[in-house]
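Trainee: the sequence isn't on hand, but the structure is:
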């Protein structure tokens, strides 16, 4: 998955997280991604993304969550995406 695809997926997942009723769609797309042997990370500038994902029962879908508590430069800087990609290469 390249950075453009990762960014597009991040936007989609953010929208899904806003609408808990859409979690079946989110489960299907994440199952497909993982079925292709890919890891799934969420990059969010929010400092409470883990809490939000837990509340909408979506946290378990991600192998890694990189959020605003782990970066020094916020979006549109690419630091958050780079950290998520570095994580995926390590594990």
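Mentor: Now that the structure is in, tell me what you want to look at. Quick caveat: nothing in here was measured; it's all calculated off a predicted structure.
Trainee: which residue ranges of this structure form helices?
Mentor: Ranges of helices in the chain, per DSSP state H, are 3-18, 23-35, 49-55, 79-90.
Trainee: other SSEs contacting the second one?
Mentor: So that's helix 23-35. Counting by 3 or more Cβ pairs under 8 Å, 6 or more residues apart in numbering; DSSP states H and E, the packing neighbours recorded for helix 23-35 are helix 3-18. C-beta here means a position set from N, CA and C on the backbone, and glycine is covered the same way.
Trainee: state the mean pLDDT of the helix it packs on.
Mentor: Across helix 3-18, pLDDT averages out at 58.
Trainee: now swap in stretch 41-48 and tell me
Mentor: 86.
Trainee: what about it, how long is it end to end?
Mentor: 15 Å (Cα to Cα, to the nearest Å).
Trainee: run through who's touching that stretch.
Mentor: For stretch 41-48, contacts defined as Cβ atoms under 8 Å, 6 or more residues apart in numbering pick out 6, 10, 13-14, 49, 52-53, 62-69, 71, 74-75, 80-81, 83-85, 87-88.
Trainee: again, only using 6 Å
Mentor: 10, 13, 62, 64-69, 74-75, 80-81, 84, 88 (Cβ atoms under 6 Å, 6 or more residues apart in numbering).
Trainee: which among these count as buried?
Mentor: Buried members of the contacts of stretch 41-48, scored by 16 or more other Cβ atoms under 10 Å, are 10, 13, 62, 65-68, 80-81, 84, 88.
Trainee: which of those residues sit farthest apart?
Mentor: Using Cβ to Cβ, the buried ones among the contacts of stretch 41-48 span at most 19.2 Å, a distance reached by 68 and 88.
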